[in-house]
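Visitor: I need the structure of the sequence given here:
(chains A and B)
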Amino acid sequence: AQSVTQPDIHITVSEGASLELRCNYSYGATPYLFWYVQSPGQGLQLLLKYFSGDTLVQGIKGFEAEFKRSQSSFNLRKPSVHWSDAAEYFCAVAPQGYSTLTFGKGTMLLVSP
Amino acid sequence: DTGVSQNPRHKITKRGQNVTFRCDPISEHNRLYWYRQTLGQGPEFLTYFQNEAQLEKSRLLSDRFSAERPKGSFSTLEIQRTEQGDSAMYLCASSPVGGAVTGELFFGEGSRLTVL
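Guide: Predicted coordinates for the structure are as follows:
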């Protein structure tokens, strides 16, 4: 069965500092990979996705993620964090050609002044 | 607002009662998904529909749970004889068929259930 691990439950970053959120997956083949963000009182929103090709993908709000097959990882990055980025971030996977997502447990991002 | 709409947003009920949640997807989306999210966990897949057909159900969807999408538009999720373990946020998402394969689901804000 596929699984997603987000090892950090909480991360605190100073405003303006860089950010990296970790995601590791377990699956026999390379799945589709996603990052979603959940802000308080709002629905989950897709930040970016990886299907194939270039291993560095760009998303909305200045986020990017890099797929590393050898490490089964899909880490999310942002060069300079803004206070409005404080939210919970979820990594998710889906088998290629399927629509059912498996989510990680999430990482709560706190942004300090 | 043309996003995914869920009602009610909050529901408090006593153990043993039945509850029903409604989801109105984005109008042109023909796939509709239900997920459950408990505290400290990511969303967990429950079931999904393509138009009115229920194509997949998770093992999490016990026989006390039933979901319908009778006309391929809105969907309902009913929980019978609620238990305290059913307390969670129930999320609905929709997508066009192409979007479903690409994983871009559009989520509603969720319906929070508290079972006393």
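Visitor: who in chain B is up against chain A?
Guide: Within reach of chain A by Cβ under 8 Å from any Cβ of the partner chain, chain B has these residues: B:3-4, B:31, B:33, B:40-45, B:48, B:56, B:91, B:93, B:95, B:100-110. All C-beta spots, glycine's among them, are computed from the backbone N, C-alpha and C.
Visitor: which members of those residues are classed as buried?
Guide: Buried residues within these, counting neighbours by 16 or more other Cβ atoms under 10 Å in any protein chain shown: B:4, B:31, B:33, B:42-45, B:48, B:91, B:93, B:95, B:100-110.
Visitor: and the residue nearest the centre of chain B, what helix or strand is that in?
Guide: Most central in chain B under Cα atoms, centre = their mean is B:Trp34, positioned 3.1 Å from the mean C-alpha point. Taking DSSP states H and E as the criterion, B:Trp34 maps to strand B:31-37.
Visitor: also A:Leu33?
Guide: Going by DSSP H and E, A:Leu33 is in strand A:32-38.
Visitor: list the strands paired with the helix or strand following that strand, with their directions.
Guide: Moving toward the C-terminus from strand A:32-38, the next helix or strand (DSSP H and E) is strand A:45-50. Partner strands for strand A:45-50, per DSSP bridges, with pairing direction: strand A:32-38 (antiparallel).
Visitor: ok, and what's touching the strand it pairs with?
Guide: With contact meaning Cβ atoms under 8 Å, 6 or more residues apart in numbering or on different chains, strand A:32-38 is reached by A:21, A:23, A:25, A:44-51, A:59, A:61, A:63, A:65, A:67, A:74, A:76, A:87-96, A:101, A:103, A:106, B:102-103.
Visitor: picking that back up, what mean pLDDT does the strand holding A:Leu33 have?
Guide: Mean pLDDT, computed over strand A:32-38, is 94.
Visitor: hang on, the earlier thing: the residue nearest to the centre of chain B: what's it in contact with?
Guide: Counted by Cβ under 8 Å, 6+ apart, B:Trp34 has contacts B:23, B:45-48, B:67, B:75, B:77, B:90-92.
Visitor: and the pLDDT for the closest residue to chain A within chain B?
Guide: Using Cβ to the nearest Cβ, the closest approach of chain B to chain A is made by B:Gly42 at 3.2 Å. What the model reports as pLDDT for B:Gly42 is 94.
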